[in-house]
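Engineer: model this:
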Amino acid sequence: LLQLTCTAWVLLQAFLYDTAGQVLTCIRQPSQGPTFGIKGGAAGGGYSQVIPMEELNLHLTGDIHAISAANNLLAAAIDARMFHESAQKDEALFRRLCPTDKHGKRHFVPVMLDRLRRLGIDKTNPDDLIPEEVSKFVRLDIDPNAVTWRRVVDINDRFLRGITVGQGPEERGQERKTGFDIAVASEIMAVLALATDLADMRQRLGRMIVATDTKGQPVTADDLGVGGALTVLLKDAIEPTIMQTLESTPVLVHAGPFANIAHGNSSVVADQMGLKLVGAHGYVVTEAGFGADIGLEKFINIKCRASGLTADCAVIVATVRALKMHGGGPPVVAGTPLPHAYLNADVDLLKAGCSNLTRHIENTRKYGIPVVVAINAFATDSPGELEAVRSAALAAGAFDAVVTKHHALGGAGANDLAHSVIKACAQPTDFKFLYDLDQPIKTKIEAIACGTYGAAGVSYSPEAEAAIERYTAMGLDKLPICMAKTQYSFSHDAMLKGAPSGFTLPIRDVRASAGAGFLYPLVGNMMTMPGLPTRPCFYDIDIEPETGRILGLS
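Structural biologist: This is a model prediction of the structure:
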């Protein structure tokens, strides 16, 4: 289990020397939002990269575009259904939903038969339905104010966070407020990442809840008749893409849910495929985004539950620079030079920030697996600083803490890390989840807030309280929790560095991803559509017309 892509590559490369090639890594596909926004790419760096990095950072095999198309097809189906129901009587709707064939016969397609069964109507011939059954079948009665499904686009566009649709004169006044999310925050992305095979993906897509009706009952993608079409759009996307590192070790790239606004892990299918390929004595390195409070917590409590797999070891990546920031160092602004404090030795500032690493280690050990800390060394790090991080990690209970120089040396710079991980994987584990699924929604939220983030308690907005009550009544209270929270702090406040405690975690709203199989509370002001910074990375990205070589990606 890895927390940082660059270290995932190099651990894979270093493993090659010790396992005769029985090793493979699974990572997520980068979103074009951060690529053109604040990151400029996610292929690794130096001699620890996946290649060809231009394809990885851009369209690759089009999986994210397929997700966007499926997501927006579903959004169009919702608005179209509300429009047509508002303009037609039951019989007209029935005639158009079940038209006669050339022999004058009507037929229900399979997705309609499934809806009839859910409605308790045990009939297969459209002509056998009585008027009351026809009305139940054709009318979804979607409440326009209770549509939770939003459109998506794979760029950072803050001005799409809130929009109004239906303003055209042909829409007959069917206006409503909605918004866009970034594509990788779509529930369809989470479904792709958590599905175990094509059949499982079809079932998950069909049961996604997109709205409630005027009686407060859930409306699903299959109620709209679109679940099968969504699956068709994703039939190729469910297959991972194989790439390689600079040292020719294999990498499976698949799915790309963000860890701050989704569950932040590579796919179950890729993990399963990787384990089959490496065999009983091989190793699969799988990426979990951001820190142990987000990526690892969701890996354990969501992904492991979906896959039935468990981890043998967790690798936490730490840098001197990041820990100095958590110790009270000056703010780091993307696109501007690093402040002096991060380029010169300051052991005291570093030690003050090691409280952050300590909590990550303690959080990980709660799951009953050994922890190895990879200390990603920079040229500006002093020996005293690197040793201070190592000592703090061991004192916190890490199985080992190893300085790595893979950016400069590739696999050879992480041999010691690979040796430690192999030893850690041989240790006995006592794998456990953070909470029980049968617990109430609030109890599960508070287990994460207090047991992982360090909060003293949780507050809920009226919207969140109503959502929790609604989802409990729908029977969704047995789902795991996927917190949408800033990655910059254990708390909801990105400015609270180190290991804050005693704060109250505010839950703004709670949404349901019934197809993916989790509920996701929105913490504080966390947005599901990022915005562009003052100086986006697209300033640096260009192409050489003579050669076609792409410039500025990383």
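Engineer: which SS class is residue 174?
Structural biologist: coil (DSSP: H, G, I helix; E, B strand; the rest coil).
Engineer: Tell me how many other residues surround the residue nearest to it when sequence neighbours are not counted.
Structural biologist: In space, residue 174 comes closest to residue 166 once its chain neighbours are excluded; the distance is 4.3 Å by CB to CB, 6 or more residues apart in numbering. All C-beta atoms are positioned from the backbone trio N, CA, C, and that covers glycine. Around residue 166 there are 17 other residues, counting by other CB atoms under 10 Å.
Engineer: now swap in the one 10 residues further on and tell me
Structural biologist: A count of neighbours around residue 176, defined by other CB under 10 Å, yields 13.
Engineer: Tell me, please, where in this protein the pLDDT is lower than the cut-off.
Structural biologist: Scanning the chain for pLDDT under 70 picks out the ranges 1-21, 335.
Engineer: for it, what's the longest helix?
Structural biologist: helix 63-87 (DSSP state H).
Engineer: Tell me the buried residues in it?
Structural biologist: Under the neighbour-count criterion of 16 or more other CB atoms under 10 Å, helix 63-87 has 63-72, 74-75, 77-79, 81-82, 85 buried.
Engineer: and what of stretch 192-200?
Structural biologist: Within stretch 192-200, judged by 16+ other CB under 10 Å, the buried ones are 192, 193, 194, 195, 200.
Engineer: still on that earlier bit, quick one: contacts for the residue nearest to residue 174?
Structural biologist: 79, 173, 174, 175, 176 (CB atoms under 8 Å, 6 or more residues apart in numbering).
Engineer: Kindly provide the distance from it to residue 178.
Structural biologist: 9 Å (CB to CB, to the nearest Å).
Engineer: mind listing the helices for the stretch 201-350 of the chain?
Structural biologist: 227-233, 268-278, 297-298, 304-307, 320-326, 347-365 (DSSP state H, counting those that start in this stretch).
Engineer: how close does the closest residue to residue 126 other than its chain neighbours sit to residue 114?
Structural biologist: Nearest non-adjacent residue to residue 126, counting by CB to CB, 6+ apart: residue 106, 3.9 Å away. Distance from residue 106 to residue 114, counting by CB to CB: 17 Å.
Engineer: and what of residue 98?
Structural biologist: 15 Å.
Engineer: Can you give the distance of the longest strand belonging to the chain from its chain's centre?
Structural biologist: Looking across the chain with DSSP state E, the single longest strand is strand 504-513. Chain-centre distance of strand 504-513: 16 Å, with CA atoms, centre = their mean, to the nearest Å.
Engineer: Quick one: residues in contact with it.
Structural biologist: Contacts for strand 504-513 (CB under 8 Å, 6+ apart): 148, 187, 190, 208-209, 441, 445, 449, 453, 455-461, 463-464, 467-468, 471, 474, 476, 479, 482, 491-492, 519-526.
Engineer: which of those are buried?
Structural biologist: Buried among these (16+ other CB under 10 Å): 148, 187, 190, 208-209, 441, 445, 449, 453, 455, 458, 460, 464, 467-468, 471, 476, 479, 482, 491-492, 519-524, 526.
Engineer: In helices, which of those appear?
Structural biologist: Reading helices off the buried ones among the contacts of strand 504-513 with DSSP H, I get 187, 190, 441, 445, 464, 467, 468, 471.
Engineer: still on that earlier bit, and the residue nearest to residue 126, how far from residue 25?
Structural biologist: Residue 106 is 53 Å from residue 25, by CB to CB.
Engineer: again with residue 429
Structural biologist: Distance from residue 429 to residue 25, by CB to CB: 21 Å.
Engineer: Looking at the two, which has the bigger crowd around it?
Structural biologist: Comparing residue 429 with residue 25 by other CB under 10 Å, the one with more neighbours is residue 25, at 29 against 15.
Engineer: How about that one: which residues does it bridge to?
Structural biologist: For residue 25, the beta-bridge partners are residue 251, residue 285 (DSSP bridges).
Engineer: my guess is it contacts residue 285, does it?
Structural biologist: Yes - between residue 25 and residue 285 there is a contact at 4.2 Å, judged by CB atoms under 8 Å.
Engineer: if I look at the residue nearest to residue 231 when sequence neighbours are not counted, how far off is residue 23?
Structural biologist: Once flanking residues are discounted, residue 231 sits nearest to residue 202: 4.6 Å by CB to CB, 6+ apart. Distance, residue 202 to residue 23, using CB to CB: 32 Å.
Engineer: Of the two, which one has the most company?
Structural biologist: residue 23 (24 against 20).
Engineer: I am assuming that one contacts residue 279, so please confirm or correct that.
Structural biologist: No - Residue 23 is beyond contact range of residue 279, at 10.4 Å (criterion: CB under 8 Å).
Engineer: returning to that earlier point: name every strand pairing with the longest strand of the chain and say which way it goes.
Structural biologist: Counting by DSSP bridges, strand 504-513 is paired with strand 457-460 (parallel), strand 518-523 (antiparallel).
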